[in-house]
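K.L.:
need coordinates for the following:
(one chain, ligands or ions: 1)
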Amino acid sequence: MHDGVGQAPVIAIDGPSASGKGTVAARVAHALGFHYLDSGAIYRALAHAALQRGVALDDGAALAALARQLDLRFDGGETYLDGLPCGAAIRSEEAGRAASRIAALPAVRAALLDRQRSFRRPPGLVTDGRDMGTVVFPDAELKVYLDADVHERARRRYKQLIEKGLDANLDQIEQDLRARDALDAQRASAPLRRSADALLLDTTHMSIDEAVSVVLRWWEGRQPR
Ligand code: DC
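P.N.:
Below is the predicted model:
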């Protein structure tokens, strides 16, 4: 299914918005010296590009065409679109909602598959998203489903936004998270779901450090494929 470089191991971490999967995935990648892919950033950057270019967020064909030619690069935690840093523009709740809308379109998801798979390079890849273990890397060596109570996720997202100097309202964030969870889990194309072979990690009462340690322990103890 994958090409010559496709044999590098993959750790796929899926879960709902603000579950902490991005931070955990990046830290696990760093600890193992693996590459890291934040697949949500691709959907966010695509939605951002569409809004900039006046492409309607429900026009699957136009969005898929844009997805194929998008000049997107990741470096040092920043996302670059056409060579320019996206900065906070793709990190707002509004950007997340727009990303979630376009992510429900099958043509968009199909157009982004190869781009996501191209990040699978030696010595390995840690990636986070909604369908990394179910659709994009079904043969991942380790699949984790990272979850947390919605109140706790809202609190974490609130803290993140405030720390970045952005406006935030806790109740509104929780409402948004619930809406986005519903959209991501109920769509027909690659919905958010825990696959049978994904290990469940509930981080409601866990620090980031603890969650990272658990994933690293699971990685050490994995069964070779
Ligand atoms: O992980 P995130 O909040 O940055 O993702 C933003 C949106 O992108 C999310 O609400 C749904 C979509 N997404 C997706 O459908 N599949 C992925 N693998 C990653 C993100």
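
K.L.:
only C-alpha atoms for contact and neighbour calcs from this point on.
P.N.:
Will do.

K.L.:
where does the protein dip in pLDDT?
P.N.:
1-6, 224-225 (pLDDT under 70).

K.L.:
kindly report the residues of it close to the ligand.
P.N.:
17, 39-41, 43-44, 96, 99-100, 103, 129-132, 180, 184 (C-alpha under 6 Å from any ligand atom).

K.L.:
repeat that for 5 Å
P.N.:
Ser17, Ser39, Gly40, Tyr43, Gly96, Ala99, Ser100, Ala103, Gly129, Arg130, Asp131 (C-alpha under 5 Å from any ligand atom).

K.L.:
most centrally placed residue in this structure?
P.N.:
Gly129 (2.8 Å; C-alpha atoms, centre = their mean).

K.L.:
I'd say that one and Ala18 touch.
P.N.:
No - counting by C-alpha atoms under 8 Å, Gly129 stays clear of Ala18, with 10.9 Å between them.

K.L.:
so for the two, which residues contact both of them?
P.N.:
Residues touching both Gly129 and Ala18 (C-alpha atoms under 8 Å, 6 or more residues apart in numbering): none.

K.L.:
and Glu174, how far is that from Asp181?
P.N.:
Distance, Glu174 to Asp181, using C-alpha to C-alpha, to the nearest Å: 10 Å.

K.L.:
how about Gly33?
P.N.:
Computed as C-alpha to C-alpha, the Gly33 to Asp181 distance reads 31 Å.

K.L.:
these two: which has the busier surroundings?
P.N.:
Using other C-alpha atoms under 10 Å, the more surrounded residue of Gly33 and Asp181 is Asp181, with 18 against 14.

K.L.:
name the nearest residue to the more buried one, sequence neighbours excluded.
P.N.:
Pro16 (6.1 Å; C-alpha to C-alpha, 6 or more residues apart in numbering).

K.L.:
how many neighbours does the one you found have?
P.N.:
24.

K.L.:
likewise Gly83?
P.N.:
Counted with other C-alpha under 10 Å, Gly83 comes out at 11.
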